[in-house]
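Participant: Quick one, fold the following:
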Amino acid sequence: MRARIYVGAAGIDPTFPDEQRQRLQTALDSAGVNYAIETYENAKHGFAVNGHLVYDKEASERHWDRLVSLLRETLQ
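Facilitator: Coordinates of the predicted model:
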């Protein structure tokens, strides 16, 4: 992969346990990928989806700010 990767992970997400995160980090490191993995500690899976039952406004806004920054930096 040559693209920059951003993973915003919910801290409460049974589909992305620490073992899976470590496996992803190891794969990205060994491939030399430019990436960031950020965990939103008290947020549940789906936290950034407006109108979702687990929507977390603070975590969502931080997540979208991070994504928009990544796009600006990458596309400029």
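
Participant: drop to CA atoms for contacts and neighbour counts, all remaining ones
Facilitator: Fine.

Participant: residue ranges with poor pLDDT in the chain?
Facilitator: Applying pLDDT under 70 to the chain flags no residue at all.

Participant: quick one: the strands in it?
Facilitator: Using DSSP state E, the strands of the chain run over 5-12, 35-44.

Participant: got the contact list for the first one?
Facilitator: Right, the one you point to is strand 5-12. For strand 5-12, the external contacting residues (C-alpha atoms under 8 Å, 6 or more residues apart in numbering) are 16, 33-47, 63, 67, 70.

Participant: before we move on, the earlier item: most tightly packed of the strands of the chain?
Facilitator: Across the strands of the chain, averaging neighbours per residue (mean count of other C-alpha atoms under 10 Å) puts strand 5-12 on top, at a mean of 18.

Participant: what angle do it and strand 35-44 make?
Facilitator: Calculated by axes from the mean of the first three to the mean of the last three C-alpha atoms, to 10 degrees, strand 5-12 forms an angle of 20 degrees with strand 35-44.

Participant: Given strand 5-12, what are its sheet partners and their directions?
Facilitator: In the sheet, strand 5-12 lines up against strand 35-44 (parallel) (DSSP bridges).

Participant: what's in contact with the partner strand?
Facilitator: For strand 35-44, the external contacting residues (C-alpha under 8 Å, 6+ apart) are 4-13, 28, 54, 56, 59.

Participant: Spatially, which two of the residues you listed are the most separated?
Facilitator: In those, two members sit farther apart than any others by C-alpha to C-alpha. They are Leu28 and Val54, at 29.0 Å.

Participant: longest helix of the protein?
Facilitator: Assignment by DSSP state H gives helix 57-75 as the longest helix of the chain.

Participant: helices and strands around that one, which ones?
Facilitator: On a contact count with 3 or more C-alpha pairs under 8 Å, 6 or more residues apart in numbering; DSSP states H and E, helix 57-75 meets strand 5-12.
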